[in-house]
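*Asks:* below is the sequence, then the predicted model.
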Amino acid sequence: MFSRKRNVHVCEDCAHEWPVSEAEGSIGPLRIFLSYGHDANEELVRCIKTDLKSRKHDVWFDQSNIKAGDDWRRKITDGIVGSNRVVSFLSKHSTRDPGVCLDELAIAIGVKGGNIQTILVESETEVKPPPSIGHIQWLDMRDWKEQRAGGEEAWEAWYQSKLAEIVRVVESDESRRFAGEIETLSGHLKPISSDTRISTLLRKGFVGRTWLFEAIEEWRNASDRTSRLFWITGDPGVGKSAFAANLTHFGRDKVIAAQFVEWDKPDHRDAQRVVRSLAFQIATRLPDYRKLLLTLPEISDLDKKDPADLFDYLLTKPLQSVIGGGRERYLIVIDALDEAGDPVWNPLVDMLARNAARLPDWVGLVVTSRPESAVTTPLQELIPIVLDTRTEANRSDLRDFVNHELADRLQAHTTRNSVVDKILDKSEGVFLYVERFCEDVRLGHVSLDHPEQFPQGLGGIFFQYFQRQFPNLEKFRKDVRPALRAILAAREPLPVKILQGLFNWQDEEFRDFTRTLSTLFQVRKEVNGEVIKPYHKSLADWLTDKDRAGDYCVSLHEGNNLLADYCLGEMTEAISGMSLYALAYLPTHLLPERRWTDLLDVLINRDYLEERILSGYSKQCGSDYAAAIETWPGDSKGLDKLESMYQQWKRLDDVPLERLQAASWLGPIPEFLQHQKTNILRNGVLAKRYRETWVRNQAIRGMLFGFISLGGAIVLFLKHCPSIWILLLGLLLFWIERTFTRRRNRAYRQWRRFSNNSEALRVLLYWRLYGISDSTMDLFMSSQPRKNDWIRKAINASRNDPESIVPQPENIGPEARCELMRLIMEHWIEPYREFHRKKIIIRSRRFRAPLLLYSVGASVFVIGSLAIRHFISTTAAQLCLSVLLVWLVVGISKELALQRSRSQDAIDIKIEALLATSSDRLEDLIRREDWSNAETELLSLGYGIMTAQGEPRTH
């Protein structure tokens, strides 16, 4: 045992004592977070805290770790995230809902998986632990007060035995490994939690469905395990989700994973995210499966896999590899399959229909859904368990629920049974009806004394509610319906800020609006602020059905246009300031309304694309481009632009998000860099255009000069040729040569300017994107000739204090370094090689025929002119002809030097060979991950190019 007074451990058998440091052995200090309620159990918590600290652990305790003036919510969150262990003391006060302790547990589950030690400090009948820890075996210390009152010696012995158990669990190697493995898997799988949804469903209470629990248990324990999927179906409101929540919570011994699909939460509807979340939950429960996941070679690169591949990679193959002999059958619960897709196609259902049978026989799927065609068609080979609203079993369950919820009010009725029967008749067998009915009775909206006024069916409940709240239809149409349009058209719970912005509401006006709808439209706080949503999908279905809702019908088309206009306004004002909702769903609201012009403007906006990707909506971008391309009405130019942007998205989507977020060129950058960035393509196009102009002028110049020279030579041999003709021909040749030379040189300068500018900006973007330092970037600038300094100007003009905003190379991991080196090769070395190769080819082949024609024609003209000089009598004419001949000779020599340029050929050949050799060396160094020598090779390459160009330089 441990003696706190002497701070030593004592052997109970031989009384040997040893200090704490020896007892700890190799156990290092841990950071332990204590979650507890501020109640009568605080004395016990303090004792455990003191003893854990005596073992050199850093214990996070709110009364000592939160100082006056601190943001206590942030402090608690930081404490949990930074801890190695979480110990939760379960009492009536700590497990109350809502409560801070439940929030602490939710955070701990999200970042620590199942690595939580629970201690029961009050009676089990009074404590309601959240579903997320329902499967964790707690340490029972509920009788600690009785033990404390039993005397110091008895208390000490009891307490030390319990403390030893806590220490054993907290300090165990298994617990340490679990924490590290779960943290690693959480980073790779990025799971989403359904705990909030489960807790909400459990709070409503649940009775009945015993027959369904028994059916599942019989299926689970059957000797024939051929069937892998147990399918529960039923109409809206019959209680499918409530049943799934209770099965998950109270069946934690057999339910190893559960995912509740929610129609208004994109992440919870995404088949890929569902598979990843299920894999994470299973990993927290099955150690052997967890170890297999950690060994998967592509566990860190899951984003590119489609849902079916993920199901096979994360679930089917690893679970089949786990030893299944002797295992009981575990269950995976998926609720509301129908909410994972649209009425035509449901990717989650399709994936399950194709792959469920491949799971090992000791794993079974329990799924619930509405009987919609997108679900029933893929699962048609299965026989579902139907929650039939007309069966006696369902009626009996409804009766039990009503008697339980309205027990106090029904006692006063002499006709209790007839009142209950009337409620059941009006309910049409729908659980959601009786739930809403009981709520209305408690609020005084419905009287049990007037059964004739009970609403008919769930639609009747909704209709009666709106009649009661909005008797003035004109007021409803003017003040309420516009807001409902936006709420119902929203693709996820609508941020309250957007609703206020749409109608210029202050906070008081928004509260006035929600006060009349608070029971049907819930306002809740999320990470990014408050949001509003209908309390159940059946309410949204009813309000958007004009036949059922009648005067209270709400148009989704108007809602789409309303939200689209608002989001477009945000985009026009400033893309960098757009709300997350507008970034995610602006195209989604434009597409169904066929607003093609607006949609095209949005989807081809590069800045909007980058902002969406940085905000984590890359997959949504891909879906929007694919949907727009598929439904585009026929404008080929618009379609070409969409397909081009689609390809750009694919390239950006391949870059890890953390690298994109670290890149200054995709972050808040100066306006001039935004302008330069958008002009890369324009620079490239202009460079190509001027290069073509240079080629064209060079060819035309040579050909015209040659033809006119030949014509001049023929004229010279004609008899009685006037001298003036010779002068005119010479002047014509002079004008042609000068004109096309100027055009050629101007085009050449512009070509080099724009091509260098485009290359500079492209290199700059990759530099910023992958975090290359200034010193490395100097290499790129130094490798350019002095006379072509556009690359230096472009890069220097675009810098924005890179040392402070760009990660340095030493902070880049091996994978990023490898990718960086390959990008340098692909986007700098290879284009540079190609440039020099083209220069050699152009000089050696492109102008061979025009050069020959030019040279021959000019030579004939000169020889002919010399031969007939005696025909020219005047001194002035002879002088002019002599000057012209000298100019022709000089021009021919310059042209030959320019066109052939043997020395420049040698330089270009040398540079091309240097680049080729370095490229091969870099490939080898990258393959061996020799980053130091790879960077040295790059530096040597830069100096080699400068030396070849005759530009020695010192640093």
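*Replies:* It's in. Numbers count the residues shown, from 1 in each chain.
*Asks:* can I see the domain layout of the protein?
*Replies:* Split into domains by automatic domain parsing, the chain comes to 2-171, 190-386, 392-469, 473-652, 680-948.
*Asks:* least reliable of those domains by average pLDDT, please.
*Replies:* For the domains of the chain, mean pLDDT drops lowest on domain 680-948, to a mean of 54.
*Asks:* helices along the stretch 201-350 of the chain, start to end?
*Replies:* Using DSSP state H, counting those that start in this stretch, the helices found in the stretch 201-350 of the chain span residues 210-221, 240-250, 266-269, 271-285, 287-294, 307-310, 317-321, 347-355.
*Asks:* will you turn those into a markdown table that also has distance to Trp649 and mean neighbour count?
*Replies:* Using the backbone N, CA and C atoms, a C-beta is placed for each residue, glycine as well. A markdown table is the format used below for the helices of the stretch 201-350 of the chain (distance: least, Cβ to Cβ, whole Å; neighbours: other Cβ atoms under 10 Å):
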| stretch | distance to Trp649 | mean neighbour count |
| --- | --- | --- |
| helix 210-221 | 44 | 14 |
| helix 240-250 | 36 | 23 |
| helix 266-269 | 18 | 18 |
| helix 271-285 | 17 | 23 |
| helix 287-294 | 30 | 17 |
| helix 307-310 | 20 | 19 |
| helix 317-321 | 31 | 16 |
| helix 347-355 | 20 | 21 |
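*Asks:* how about the secondary structure of Thr118?
*Replies:* strand (DSSP: H, G, I helix; E, B strand; the rest coil).
*Asks:* distance of it from Trp60?
*Replies:* 17 Å (Cβ to Cβ, to the nearest Å).
*Asks:* who has more neighbours, these two?
*Replies:* A side-by-side neighbour count of Thr118 and Trp60, using other Cβ atoms under 10 Å, places Trp60 first with 24 against 20.
*Asks:* my guess is that one contacts Ile32. True?
*Replies:* Yes - in this structure, Trp60 is within contact of Ile32 by Cβ atoms under 8 Å, at 6.7 Å.
*Asks:* any shared contact partners between those two?
*Replies:* Ser83 (Cβ atoms under 8 Å, 6 or more residues apart in numbering).
*Asks:* beyond the helix or strand in which Val45 is found, next helix or strand please.
*Replies:* In this structure, Val45 is located in helix 42-54 according to DSSP states H and E. Going down the chain from helix 42-54, the next helix or strand is strand 58-60, by DSSP H and E.
*Asks:* what packs against that next one?
*Replies:* Using 3 or more Cβ pairs under 8 Å, 6 or more residues apart in numbering; DSSP states H and E, the elements in contact with strand 58-60 are strand 31-35, helix 42-54.
*Asks:* out of those, which is the most enclosed?
*Replies:* strand 31-35 (a mean of 23; mean count of other Cβ atoms under 10 Å).
*Asks:* show me what that strand is packed up against.
*Replies:* Against strand 31-35 (3+ Cβ pairs under 8 Å, 6+ apart) you get helix 42-54, strand 58-60, strand 85-90, helix 100-112.
*Asks:* keeping just the C-alphas, turn the third one into CSV.
*Replies:* Going back to what we said before, that points to strand 85-90. Listed next in CSV are the C-alpha coordinates belonging to strand 85-90 (Å, rounded to 0.1, in the frame of the first residue of the first chain):
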residue,chain,number,x,y,z
ARG,A,85,-5.6,10.4,-19.6
VAL,A,86,-9.1,11.4,-18.6
VAL,A,87,-10.7,10.2,-15.4
SER,A,88,-14.4,10.9,-15.1
PHE,A,89,-16.3,10.8,-11.7
LEU,A,90,-19.9,9.7,-12.4
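*Asks:* by how many degrees do that strand and strand 116-120 diverge?
*Replies:* Orientation check (axes from the mean of the first three to the mean of the last three Cα atoms, to 10 degrees): strand 85-90 against strand 116-120 gives 20 degrees.
*Asks:* strand 85-90 pairs with which strands?
*Replies:* strand 31-35 (parallel), strand 116-120 (parallel) (DSSP bridges).
*Asks:* quick one, the first one and helix 42-54 angle?
*Replies:* The one in question is strand 31-35. Using the same axes, to 10 degrees, strand 31-35 lies at 180 degrees relative to helix 42-54.
*Asks:* quick one: secondary structure of Glu530?
*Replies:* Applying three-state DSSP: Glu530 is strand.
*Asks:* gap between Leu494 and Tyr313?
*Replies:* Leu494 is 36 Å from Tyr313, by Cβ to Cβ.
*Asks:* and these two? Which one has more around it.
*Replies:* For Leu494 versus Tyr313, neighbours defined as other Cβ under 10 Å are more numerous around Leu494 (24 against 18).
*Asks:* angles on the backbone of that one, please.
*Replies:* In this entry, Leu494 is assigned phi and psi values of phi -80, psi 130 (degrees, to the nearest 10).
*Asks:* surely it is in contact with Leu488?
*Replies:* No - taking Cβ under 8 Å as the definition, Leu494 is not a contact partner of Leu488, at 9.0 Å.
*Asks:* for the stretch 301-450 of the chain, what spans make up the strands?
*Replies:* 330-335, 363-369, 385-386 (DSSP state E, counting those that start in this stretch).
*Asks:* parallel or antiparallel, list what pairs with the last one.
*Replies:* This points to strand 385-386. When DSSP bridges is applied, strand 385-386 pairs with strand 229-233 (parallel).
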